[in-house]
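Trainee: from the sequence below, what's the structure:
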Amino acid sequence: GVLRDDPPPMHPWSAFRPDSGVFLRTLARLPAVRRPWLRRIYDRVREHPFSHPF
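Mentor: So this is what the prediction gives:
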């Protein structure tokens, strides 16, 4: 007995993207957001919330 889904689940159409609001609120609570490299990511997501953050 091997248990498996029949048929197997479909693959997603695109890569996983976190919700931009949740992502920004989480980064804002981190003290490390003051570091330049992380601050650039934070600013990029804030200015363009629907683009890829990395």
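Trainee: just the mean pLDDT for stretch 21-41, thanks.
Mentor: Averaging pLDDT along stretch 21-41 gives 92.
Trainee: how far does the lengthiest helix in the chain sit from the chain's center?
Mentor: As assigned by DSSP state H, the longest helix anywhere in the chain is helix 36-47. How far helix 36-47 lies from its chain's middle: 13 Å, per CA atoms, centre = their mean, to the nearest Å.
Trainee: what packs against it?
Mentor: helix 20-28 (3 or more CB pairs under 8 Å, 6 or more residues apart in numbering; DSSP states H and E). The C-beta positions use only the backbone N, C-alpha and C, and glycine is treated the same way.
Trainee: ok so, going back, can you list the buried residues in the longest helix of the chain?
Mentor: Of all the residues in helix 36-47, those buried under the rule 16 or more other CB atoms under 10 Å are 42, 45.
Trainee: stretch 17-24 too?
Mentor: For stretch 17-24, a neighbour-count test (16+ other CB under 10 Å) marks 23-24 as buried.
Trainee: ok so, going back, any idea of the angle the longest helix of the chain forms with helix 20-28?
Mentor: Interaxial angle, helix 36-47 versus helix 20-28 (axes from the mean of the first three to the mean of the last three CA atoms, to 10 degrees): 150 degrees.
Trainee: what's in contact with helix 36-47?
Mentor: For helix 36-47, the external contacting residues (CB atoms under 8 Å, 6 or more residues apart in numbering) are 20, 23-24, 27-28, 30, 32-33, 51, 53-54.
Trainee: format the CA atom coordinates belonging to that helix as PDB.
Mentor: Output of helix 36-47 as PDB, limited to C-alpha atoms (Å, rounded to 0.1, in the frame of the first residue of the first chain):
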ATOM      1  CA  PRO A  36      21.400  49.100   3.200                       C
ATOM      2  CA  TRP A  37      20.900  45.800   1.300                       C
ATOM      3  CA  LEU A  38      17.700  45.000   3.100                       C
ATOM      4  CA  ARG A  39      16.400  48.500   2.900                       C
ATOM      5  CA  ARG A  40      16.800  48.500  -0.900                       C
ATOM      6  CA  ILE A  41      14.600  45.400  -1.000                       C
ATOM      7  CA  TYR A  42      12.000  47.100   1.300                       C
ATOM      8  CA  ASP A  43      12.000  50.200  -0.800                       C
ATOM      9  CA  ARG A  44      11.700  48.300  -4.100                       C
ATOM     10  CA  VAL A  45       8.700  46.300  -2.900                       C
ATOM     11  CA  ARG A  46       7.000  49.400  -1.400                       C
ATOM     12  CA  GLU A  47       7.400  51.300  -4.700                       C
END
